[in-house]
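Colleague: how would this look folded up:
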Amino acid sequence: MVRWTITFIIIAIIAGVLGFGGIAGAAARIAKICFFIFIVLFVLSLLKGIVKK
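Modeller: Numbers count the residues shown, from 1 in each chain. From the prediction side, this is the model:
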């Protein structure tokens with residue numbers, strides 16, 4: 001999940017530098033969504049590990 005986030009951030013940066021504003025914005029939004037999904041899954045896995053013990 002983190003790899004996808006980094007990939008979309010790099011795409012957003014490159015598209016922004018080249019002047020493709022729409023693509024840069026879309027890639028940044030996708031990266032943000034992937035990041036938040038990663039955070040939620042990470043917290044859930046931590047909670048699951050705490051409950052098991």
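Colleague: near F8, how many other residues are there?
Modeller: Look at F8: counted by other Cβ atoms under 10 Å, it has 20 neighbours. Where you see a C-beta, it was placed from the backbone N, CA and C, and this is true even at glycine.
Colleague: who are the contact partners of the nearest residue in space to it that is not next to it in sequence?
Modeller: Nearest residue to F8, sequence neighbours excluded (Cβ to Cβ, 6 or more residues apart in numbering): A31, at 3.6 Å. Going by Cβ atoms under 8 Å, 6 or more residues apart in numbering, A31 touches W4, T5, I6, T7, F8, I9, A12.
Colleague: and the third one, what's its pLDDT?
Modeller: pLDDT for I6: 86.
Colleague: element containing the residue nearest to it when sequence neighbours are not counted?
Modeller: With Cβ to Cβ, 6+ apart as the criterion, I6 has its nearest non-adjacent residue at 7.9 Å, and that residue is A31. Using DSSP states H and E, A31 maps to helix 21-52.
Colleague: so how far is that helix off the chain centroid?
Modeller: Chain-centre distance of helix 21-52: 6 Å, with Cα atoms, centre = their mean, to the nearest Å.
Colleague: again, but for stretch 43-53
Modeller: 22 Å.
Colleague: same deal with stretch 8-19?
Modeller: Put simply, stretch 8-19 sits 14 Å off its chain's centre (Cα atoms, centre = their mean).
Colleague: do stretch 15-33 as well
Modeller: On the basis of Cα atoms, centre = their mean, stretch 15-33 sits 12 Å off its chain's mean C-alpha point.
Colleague: next: stretch 6-20.
Modeller: 13 Å.
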